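Asks: quick one, what's the 3D model for this:
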Amino acid sequence: MYTKILLAYDGSQGADKALETATSLCKLTGAELAVLTVYRHHSVLEASLSMVRGAGEKAGSLDDAMRSASREAAEHAKKWAIEQGVASVHAYIKGGQPSRTIVTFAKDHGCDLIVIGSRGLGASESYMLGSVSHKVTSISMVPILVV
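Replies: The predicted structure is shown next:
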């Protein structure tokens with residue numbers, strides 16, 4: 001049925017529900033699970049306008065902070081899936097426009113299903129901005145399960 005399932009994961013409640021569903025499907029079908037967390041790249045201007053540093057804080061770019069948060073989310077999902085009994089799980093993080101990055105990743109890695117939450121983190125908190133699930137469904141040639 002499925003050999004490689006892509007889970008688009010941002011750490012939100014909706015993504016956690018998608019994680020549960022993707023994990024169940026992998027266990028039923030023996031499919032490999034690829035967990036992808038996408039953070040939105042910020043320009044130098046955006047980063048300088050959006051970061052407020054207190055005295056004594058280490059200087060770091062917004063991209064570095066987003067990459068770190070993405071890595072934590074992806075590793076959390078990978079660990080959870082392994083604990084649930086999924087035999088093959090790999091975690092990836094990518095910077096870029098979330099919906100296009102998800103669709104391109106699925107195509108490039110031979111995924112035969114994308115599982116994504118219907119609602120992610122809010123725009124003020126998220127590295128997956130906007131209605132990502134809606135955009136993915138409109139541009140993907142790979143079947144999508146919106147949870």
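Asks: use CA for all of it now, contacts and neighbours both
Replies: Fine.
Asks: correct me if wrong: Thr29 contacts Ala22.
Replies: No - here Thr29 does not reach Ala22: they are 10.5 Å apart, not a contact under CA atoms under 8 Å.
Asks: did I read that right, Ile82 in a strand?
Replies: No - under DSSP: H, G, I helix; E, B strand; the rest coil, Ile82 sits outside any strand and is assigned helix.
Asks: excluding its backbone neighbours, what's nearest it?
Replies: Among residues not flanking Ile82 along the chain, Val89 sits closest, at 6.9 Å (CA to CA, 6 or more residues apart in numbering).
Asks: repeat for His90
Replies: Among residues not flanking His90 along the chain, Ala34 sits closest, at 5.0 Å (CA to CA, 6+ apart).
Asks: can you pull the contacts of that neighbour?
Replies: 4-7, 89-92 (CA atoms under 8 Å, 6 or more residues apart in numbering).
Asks: before we move on, the earlier item: pretty sure the residue nearest to Ile82 is touching Lys78, no?
Replies: Yes - Val89 is in contact with Lys78 according to CA under 8 Å; the separation is 6.2 Å.
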